[in-house]
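Visitor: Sequence first, predicted model second:
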Amino acid sequence: MSDVGKMGRPSGLFRPNRDGTPWYARVLRITTTRIVAQTFFFTLFVFLLWVTWFSRMGGYPVSLFLEIDPLVGIATALSTHTVYRWLWRGLWVLVPTLVVGRVFCNWVCPYGTLHHFFAWVFNIRGNRNNIDKNRYRDAQQIKYIILAIFLVLALFGSLQIGLLDPISLLVRSMTTTIAPAADLALISLPGALADTGLRVPSLTFLSSSPGAAEQRVFAGAWFIGLTIIGLVGMNLVIPRFFCRVLCPLGALLGVLSRFSLWRIDRDITKCTDCDLCLKHCEGASDPQGALRKSECFVCFNCIDDCPEDALSFRASPLPATDRIRGSLRDGRATLFGKKVISRNAETVVRHVDLPRRRWLFSAMAGVLAYPFLRLSRAVNKRGYSEKAIRPPGTVEESEFLERCIKCDQCINVCPTNVLQPSLLAEAGLEGFWAPVMDFSVGFCQYNCVLCSEVCPTGAIRTITTDEKLGSGRFAGNGPIRVGTAFFNRGRCLPWAMETPCVVCEEVCPVSPKAIETYREQAVRSDGSKVILNKPYIRPELCIGCGICEHECPVMDDAAVYVTVAGETRSKERSLLLLQGEG
Amino acid sequence: MSGDRKRVHSPAGRKDADTADAARHRFEERRAFLKRAGVAAVLAAGSTWPALAPPGWIFSLRDPDGKRGAPKEKTFRLPEGGFIVEKPATAADLGVARGTDIRAMIRSAVDGIGGIAHYIRKGDIVVVKPNVAFERPALLGATTNPEVLAELIRLVKEAGASEVRVADNPIETPENCFARSGIREAALAAGAKVYLPSPADFQVLNVPGAALIEKWPFFRRPFKDAAKVIGVAPVKDHNLCGASMTTKNWYGLLGGRRNQFHQKIDTIIADLALMLRPTFVLLDGTRVLFRSGPTGGSLSDVRPGRTVVAAVDSLAADAFGWEDLLRRDPGRLPRYFAETAKRGLGNPNWRETVIRETRIG
């Protein structure tokens, strides 16, 4: 404006707005506050994952985001009839949703923020195209179908929400793909640059797994990685695709936000139906017409974008359709004496946009999915995999399937990398991505109980070292066994090849050792004599930690290997008549 | 051009202008063709040269037999002659100190072999190698006593070392082993730096003359610019080789497929003695893991030893430990003693050596 300089007011950055409001009204907007909140919560999320490690844990609530996720709380309450440990924290999200709607989705959820960010950075569309992309579409019903199927399955005791729950999904993706990729860069960068003469200081202190002697690897990481790339990439096609179409947590909050007290309201005496409110609409919730409450992320972009100031966030506004006098068609309608400008008098759709018969269909699909999943051999009592070795403290398998959300926090904290997301072979689709131990990668460290501390749902019960080892207060119980080691004498160096070895006996951590040896002298074909220590297992002492399998020099198919036989959490899988009876 | 065209009214004039336009267009087409041909030629030459130029020519990538592309193994060597400092002629071979005051015992033991000032110069970077192989509390005797380590570090720092680095590559997870054993805390409190192995820290070490580990991945990072190396190892029973003390302690500096070593463990230990020739070693006999080694796991496997031994000859110190601390028959020394001695890397007949024994407290 021309008079700014003359009036002695600051110009440029600090110039006041045209409507006379001061300059900071441009900055101090609720959308700015929202961006600050999103940045804060995303940073907090990454930080909490980063400190999920032996030397960093301190007292941080490392599984906080999983605990405030009300889908985790509600679904496990359906499957176990209990609310475990800190899962009541789901109320921190549930109650605000009942008051102001799905704020979690666009203010707190780190996965939502990730999608929001990518949809924003890679948005190359013009305004008109953006408006069209942000219109409501029927596909947004899918998330309610997914939610219904998952909740019905949970009722039957099969917890599958973790496949798509955004927090579980992001924790899993960060743990098994993003963090290892970052580690790879941190570790190899200084080495790669060393040849060029550049001296880069060691950055390994930033690593997600400092002090691990080897780069962490994860089973099926490629698939988890492609999934997150694909879902994030979908933002280029449909903005917030995951949040709008797939997210079961979003669906749950959508159902709840139907009751929310506050919502976006449109003043039909100001609205000119220009559709500019759709330009940045995150939820595709139709703020330009009848607002779909369940779809609205409460991002407030529409209020920012409205050139007529027709949108506001108000406490329980009533639709005023019945109060309109005159006909909308001839353009002479009035509301409370003011001329109605908008052609669309409807301002809100309260119900969730999934017809009742589709709810019913979804529930039926869930009812059928249960037997299909549970009668698959892998999770059945008669057909379980001998390699579905769960971490110590894990509850009995059918209870485990009621609790595990496949978030892979246990896998994140595991110092030896032995915990792996299981693929279909170990526990079928029901146990997909749940933790199993793979002793070719690591071993269960004797004094370690970290996985049991971070588990948000009690799938791995919190145990102490004393309880794990059967010492101190738990001396009468005996140790927790996750399986038993067996020898394959056909591959064992002393047994089959007259070569000294017994690494297995050396590393066996229990005292007295669960691996002992027969001392035998063998005469080789050339007449030379060799004294061999031939190892054998004492099953009553073996805890199945798998360090013998991990250290066995017969690397690919170890000559000593652990299976779930004899694990303490299951009576059906016990091995010895007297084992564990103390 | 368009301006010209407007002024032209006669049909003949327009025809001239059209001809000129067409000629100009043809010229521009030719120019564009030449430009593209030039780019194509450069790209063709740029891909043909590296593909076909013989190896050794500039920008050549040609590799007729696959040898150029084969990964190159980068090896390194530790300093010629190791980190040895000759023992003063008047000093004892074994400095043995008994008692309970660890600080005084270590000083007395090292004084026995000539005193710390003889071995450590001002400004030295010193690597101290404890045994942190397992994630065990120190009381279980599977790892070096953290008090012994801390007092050793203080002694070395007092002698003027500019930096003391504590390093080991444990069997179990390094971070947890260093924490649970108390080694990390003790080392940091005494003013040392702790080096945990990370994948980039290993490089293949060339040990000329080694029987089995001539080339083997070695935990190199702590050894950059290091002038002195001191080993400090506990006295432990070992299921395979009989006993694990200061000589076998160097196992923890290697990476790679260490689990193959057990197939010829005695030769490997002799190789280890060749690989790392330390400034001196300290045998930590404050606790003795006399059975169920090398892991232990029960207090009943440990008995107090109340002894530390300083020596330049680690084999002599180990032989002393075998007889005096593990209380085993000197006639049945593990085979690696003979193998190591045969290569001139130590003297297992500790009774022939000069011993200075002190009793403290």
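Guide: All right, it came through fine.
Visitor: Next, the closest residue to chain A within the stretch 201-350 of chain B: secondary structure please.
Guide: Relative to chain A, the nearest point of the stretch 201-350 of chain B is residue B:297 (3.3 Å; C-beta to the nearest C-beta). Just so you know, the C-beta spots here come from the backbone N, C-alpha and C atoms, and that holds for glycine as well. Classification of residue B:297 by DSSP: H, G, I helix; E, B strand; the rest coil places it in coil.
Visitor: where's the spatially closest residue to residue A:537 that is not a sequence neighbour, which helix or strand?
Guide: Leaving out its chain neighbours, the residue that sits closest to residue A:537 by C-beta to C-beta, 6 or more residues apart in numbering or on different chains is residue A:485, at 5.4 Å. Assigned by DSSP states H and E, residue A:485 belongs to strand A:484-487.
Visitor: Could you pull up phi and psi at residue B:281?
Guide: Main-chain torsions, residue B:281, degrees, to the nearest 10: phi -120, psi 160.
Visitor: returning to what we had before: following element in sequence after the strand holding residue A:485, please.
Guide: That would be, after strand A:484-487 and using DSSP H and E, helix A:493-497.
Visitor: Tell me the buried residues in that next one?
Guide: Of the residues in helix A:493-497, A:493, A:494, A:495 count as buried by neighbour count, 16 or more other C-beta atoms under 10 Å in any protein chain shown.
Visitor: out of these, which touch chain B?
Guide: Counting by C-beta under 8 Å from any C-beta of the partner chain, residue A:493 from the buried residues of helix A:493-497 sit close to chain B.
Visitor: if we take the buried residues of helix A:493-497, which one ends up nearest to residue A:407?
Guide: Checking these against residue A:407 by C-beta to C-beta gives residue A:493 as the nearest, at 40.6 Å.
Visitor: Please state the offset of the lengthiest helix in chain B from the chain centre?
Guide: If you go by DSSP state H, chain B has its longest helix at helix B:11-52. In this view, helix B:11-52 has its centroid 63 Å away from the chain centroid, taken as C-alpha atoms, centre = their mean, to the nearest Å.
Visitor: Output the contacting helices and strands for it.
Guide: helix B:2-7 (3 or more C-beta pairs under 8 Å, 6 or more residues apart in numbering or on different chains; DSSP states H and E).
Visitor: check contacts around the residue in the stretch 1-150 of chain B positioned nearest to chain A.
Guide: With C-beta to the nearest C-beta as the measure, residue B:135 is the residue of the stretch 1-150 of chain B nearest to chain A, at 5.3 Å. Applying C-beta atoms under 8 Å, 6 or more residues apart in numbering or on different chains to residue B:135 gives the contacts A:445, A:446, A:447, A:448, B:170, B:172, B:173, B:176, B:177, B:180, B:181.
Visitor: quick check, the third one in a strand?
Guide: Pointing back at residue A:447 there. No: assessed with three-state DSSP, residue A:447 is coil; it does not lie in a strand.
Visitor: The residue of the stretch 1-150 of chain B closest to chain A falls within a helix, correct?
Guide: No: applying three-state DSSP, one finds residue B:135 to be coil, outside a helix.
Visitor: Look at the most centrally placed residue in chain B and report its pLDDT.
Guide: Against the mean C-alpha coordinate of chain B, by C-alpha atoms, centre = their mean, the closest residue is residue B:219 at 1.9 Å. Per-residue confidence (pLDDT) for residue B:219: 95.
Visitor: count of residues packed around residue B:221?
Guide: 18 (other C-beta atoms under 10 Å in any protein chain shown).
Visitor: and the closest residue to it other than its chain neighbours, what does it touch?
Guide: Closest residue to residue B:221 apart from its sequence neighbours, by C-beta to C-beta, 6+ apart: residue B:201 at 4.1 Å. Listed by C-beta under 8 Å, 6+ apart, the contact set of residue B:201 reads B:195, B:219, B:220, B:221.
Visitor: quick revisit: looking at the contacts of residue B:135, which is nearest residue B:333?
Guide: residue B:170 (26.9 Å).
Visitor: right, and the closest one touches residue B:133 too?
Guide: Yes: the pair residue B:170 / residue B:133 is scored as a contact, 4.9 Å apart, by C-beta atoms under 8 Å.
Visitor: can you list the residues of the stretch 101-250 of chain A near chain B?
Guide: So the stretch 101-250 of chain A meets chain B at A:187-188, A:190-191, A:202, A:204, A:207, A:210-215 (C-beta under 8 Å from any C-beta).
Visitor: same thing but at 6 Å, please
Guide: Within the stretch 101-250 of chain A, the residues that sit near chain B (C-beta under 6 Å from any C-beta of the partner chain) are A:187, A:191, A:204, A:211, A:213, A:214, A:215.
Visitor: Name the nearest residue to the fifth one, ignoring sequence neighbours.
Guide: Taking C-beta to C-beta, 6+ apart, and ignoring the residues beside it in sequence, residue A:213 has residue B:197 as its nearest neighbour in space, at 4.7 Å.
Visitor: re the thing from before, so which of residue B:170 and residue B:133 has more stuff around it?
Guide: Using other C-beta under 10 Å, the more surrounded residue of residue B:170 and residue B:133 is residue B:133, with 27 against 23.
Visitor: Next up, the contacts around that one.
Guide: B:170, B:171 (C-beta atoms under 6 Å, 6 or more residues apart in numbering or on different chains).
Visitor: And the pLDDT for it?
Guide: For residue B:133, the predicted pLDDT is 94.
Visitor: How about the one 4 residues further on?
Guide: pLDDT, the model's per-residue confidence, is 94 for residue B:137.
Visitor: now swap in residue B:73 and tell me
Guide: 83.
Visitor: Any stretches of chain A with poor pLDDT?
Guide: Judged against pLDDT under 70, the low-scoring parts of chain A cover residues A:1-11, A:195, A:579-582.
Visitor: what does the stretch 401-550 of chain A have sitting close to chain B?
Guide: Contact residues, the stretch 401-550 of chain A versus chain B (C-beta under 6 Å from any C-beta): A:415-416, A:445, A:447, A:499-503, A:505-506, A:509, A:511.
Visitor: Number of residues surrounding the closest residue to residue B:245 other than its chain neighbours?
Guide: By the measure of C-beta to C-beta, 6+ apart, the closest residue to residue B:245 outside its immediate chain neighbours is residue B:318, 4.2 Å from it. A count of nearby residues for residue B:318, using other C-beta under 10 Å, gives 35.
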